[in-house]
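> Just the structure for this:
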Amino acid sequence: MKTSPKRDLHDHAHEQTRFAVLPTPVRLDANPDRTAKGVTIAFLDSGFYPHPDLTRPRNRILARVDITAADGKLRTRKANPWDWHGTQTSVVAAGNGHLSDGFYNGLASEAKVILVKVSERGRINDEHIARGIRWVIDNKDRYRIRVVSISLGGDEDASFEESLVDQAAEEAVRAGLVLVVAAGNTGCQPNHYTIPPANSPSVITVGGYDDNNQLRGTKVGLYCSNFGRTIDGLIKPDLIAPAIWVAAPILPDTESYDRAEALAQIAAASNARLHDLAALADQPNHLLSELAADVWEKAELPAELRHEPLEVIRAVVESRLEAHKIIATHYQHVDGTSFAAPIVASVVAQMIETNPELTPAAIKHILISTADRIPDAPAIRQGYGVLNAWRAVAAASREHPVDRHYCFSPPRIDEGRLIFTYLNDEAQSVALAGDFNGWNPSRHPFIKQQSGLWQVEMDTPPVGRYHYKFVVDGWRWLEDPSNELKEADSHNGFNSVLNLARGIDSAQQAETN
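Next up is the predicted model:
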């Protein structure tokens, strides 16, 4: 697609405005040495534009797919309204910040991407989403896809065993793909439950938090993301990530893009003039007259403003920048779990770059095991807590392949013994506490096995429903990260739930749903 020489050269300022937000890698204190090089991420969304942050200086888009087109190809002759969302979600995760001189880059800035449009002129249904997921499954080996970021949902709430979308999502995880899904944004409304595919057991469902555009480590609050118990009794989300004050691109070749570019030019010129005190004294009413008339027109500012005092011009321009959430010449800040999910997907890509042998189950286990709960916030709204990008990547580098029969699965029964496993290479001690041992962790300590895997066996208790937790290093009481079934405890947290049914034999796994 041809662009004007001006946009090819970008011979104007790329600087941030006074309302700029922190780049996501800085906010998360992410490992700067990890850029997801060699990893391919697929994005499912309503539409996409081949943004320069993905195509320059080299094109990292391996394929553009339109599930609703007869030939399956996505052709973008001009930007459409439904292209905004997918363009922003893909660049939030994998953009290299080309239009901000590298300032607003994603954590997966060297990842290759697949763009899968699953809407028909912006309209999305369950069949479109399921077809999009299955296209990724069918083409994962061809493009070496490892991660799928999904920032959309199905038509209605349903059991994962019945939903067309959930069935495709579970199939994708079984095929070796890591699915990262946005929880949704109705957490402050009565109907706040997750819908397909966010309710699928094996996907990583991401809610949101608000750090008020501050560095990681300061007090954070919860975003209005969907949460609660699904129809199948699972608790979602699994963890939370930044869902507000997220830097995202403004869609090129739109009036909004031109307006932002013009406003940024006027703001930069006015700021430069404010530092030129001599000029300010000599020409107070004509300091910006050298800017072309069409700049003022594209900025949607009245022509007579050009002749107002500099302070008036600057105040009007800043009010427009703030109203349109413009944080740099080509970027604005956005909010929603639609952006929290691709941020987590970009961390997953970093983890895979660090350790390509990681399985989807191992990645999910590491993410939730390294997350940090917000102490004064309801656990049901935050899952296992706030994404810790640095710790997750560091943990990924230490993990080694282990027998999947023993790892990342709920408790199981083997030859009459009930076996629990927990993967944490940093833990000094792990113990089991629950209904079956009087909540006394000293009765069932775990034994550390290979590669940071902890394991404990016990005689299988009688048929019944049991609550339990893991006690890590003698003081951290945690749910079993491999068991999706949880119930609230009396301490603003959760217990894991284990159902032992009649007639279970030694070859069967203990039921957890």
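> Could I get the average pLDDT for stretch 338-358?
Mean pLDDT, computed over stretch 338-358, is 97.
> Show me how far it is from its chain's centre.
9 Å (C-alpha atoms, centre = their mean, to the nearest Å).
> Would you indicate which residues of that stretch are buried?
By neighbour count with 16 or more other C-beta atoms under 10 Å, stretch 338-358 contains the buried residues 338-355, 358. Glycine gets a C-beta too; all of them are placed from N, C-alpha and C.
> And for stretch 28-41?
Leu28, Ala30, Asn31, Arg34, Thr35, Ala36, Val39, Thr40, Ile41.
> Mind checking which of those land in strands?
Counting by DSSP state E, the buried residues of stretch 28-41 place Thr40, Ile41 in strands.
> Now the two most distant members of the buried residues of stretch 28-41.
Taking C-beta to C-beta, the two most distant members of the buried residues of stretch 28-41 are Leu28 and Thr40; they sit 21.8 Å apart.
> right, and Gly464 touches Leu500 too?
Yes - assessed by C-beta atoms under 8 Å, Gly464 is found in contact with Leu500 at 5.8 Å.
> Counting neighbours, go ahead and name the busier of these two.
More crowded of Gly464 and Leu500, by other C-beta atoms under 10 Å: Leu500, with 18 against 11.
> Just list what the host helix or strand of Val471 packs against, helices and strands only.
Per DSSP states H and E: Val471 is located in strand 464-472. If contacts are counted by 3 or more C-beta pairs under 8 Å, 6 or more residues apart in numbering; DSSP states H and E, strand 464-472 sits against strand 430-434, strand 476-478, strand 494-500.
> switch to 10 Å and redo it
Contact here means 3 or more C-beta pairs under 10 Å, 6 or more residues apart in numbering; DSSP states H and E; on that basis strand 464-472 packs against strand 417-423, strand 430-434, strand 453-459, strand 476-478, strand 486-488, strand 494-500.
> remind me which residues of this structure are low pLDDT?
1-13, 216-218, 272-289, 400-408, 450-451, 502-513 (pLDDT under 70).
> residue ranges of the helices in it, please?
5-9, 24-27, 52-55, 83-94, 126-143, 164-174, 255-274, 277-282, 293-298, 310-323, 337-354, 360-370, 379-382, 389-398 (DSSP state H).
> hey, C-alpha coordinates of the third one in CSV?
Only the C-alpha atoms of helix 52-55 are listed here, as CSV (Å, rounded to 0.1, in the frame of the first residue of the first chain):
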residue,chain,number,x,y,z
PRO,A,52,4.5,0.3,10.6
ASP,A,53,5.3,-0.9,14.1
LEU,A,54,4.9,-4.4,12.7
THR,A,55,6.2,-3.9,9.1
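> Show me what that helix is packed against.
Checking 3+ C-beta pairs under 10 Å, 6+ apart, helix 52-55 ends up next to helix 83-94, strand 112-117, strand 246-249.
> Report the central residue of the protein.
The centroid of the chain falls nearest to Ala341 when counting by C-alpha atoms, centre = their mean (2.1 Å).
> I'd say that one and Val180 touch.
Yes - contact between Ala341 and Val180 holds when scored by C-beta atoms under 10 Å: they sit 5.2 Å apart.
> now stretch 462-472, how far from the centre of its chain.
Stretch 462-472 has its C-alpha centroid displaced from the chain centroid by 32 Å (C-alpha atoms, centre = their mean).
> got the CA positions of stretch 99-118 in CSV?
The C-alpha coordinates for stretch 99-118 follow below in CSV (Å, rounded to 0.1, in the frame of the first residue of the first chain):
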residue,chain,number,x,y,z
LEU,A,99,6.5,5.5,14.9
SER,A,100,7.7,6.6,18.3
ASP,A,101,11.4,6.1,17.7
GLY,A,102,11.3,2.9,19.7
PHE,A,103,9.7,4.4,22.8
TYR,A,104,6.3,2.6,22.7
ASN,A,105,7.4,-0.9,21.9
GLY,A,106,5.7,-4.1,23.0
LEU,A,107,7.4,-6.8,25.1
ALA,A,108,7.4,-9.1,22.0
SER,A,109,9.0,-6.5,19.7
GLU,A,110,10.8,-9.0,17.5
ALA,A,111,8.1,-11.7,17.4
LYS,A,112,6.5,-12.7,14.1
VAL,A,113,2.8,-12.3,13.8
ILE,A,114,-0.2,-13.8,12.2
LEU,A,115,-3.3,-11.6,11.8
VAL,A,116,-6.6,-13.5,11.7
LYS,A,117,-9.7,-11.4,11.0
VAL,A,118,-12.8,-13.1,12.4
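> buried ones in that stretch?
99-100, 103-118.
> picking that back up, quickly list what's touching both of Ala341 and Val180.
Residues within reach of Ala341 and of Val180 at once, by C-beta atoms under 10 Å, 6 or more residues apart in numbering, are Ala93, Ser149, Ile150, Ser151, Val203, Ile204, Thr205, Val206, Ala241.
> Pipe the helices and strands packed on helix 52-55 into TSV and attach distance to Asp414 per row.
Output for the helices and strands packed on helix 52-55, formatted as TSV (distance: least, C-beta to C-beta, whole Å):
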stretch	distance to Asp414
helix 83-94	40
strand 112-117	40
strand 246-249	46
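> so which of those gets nearest Pro190?
Going by C-beta to C-beta, the one of the helices and strands packed on helix 52-55 nearest Pro190 is helix 83-94, 25.3 Å.
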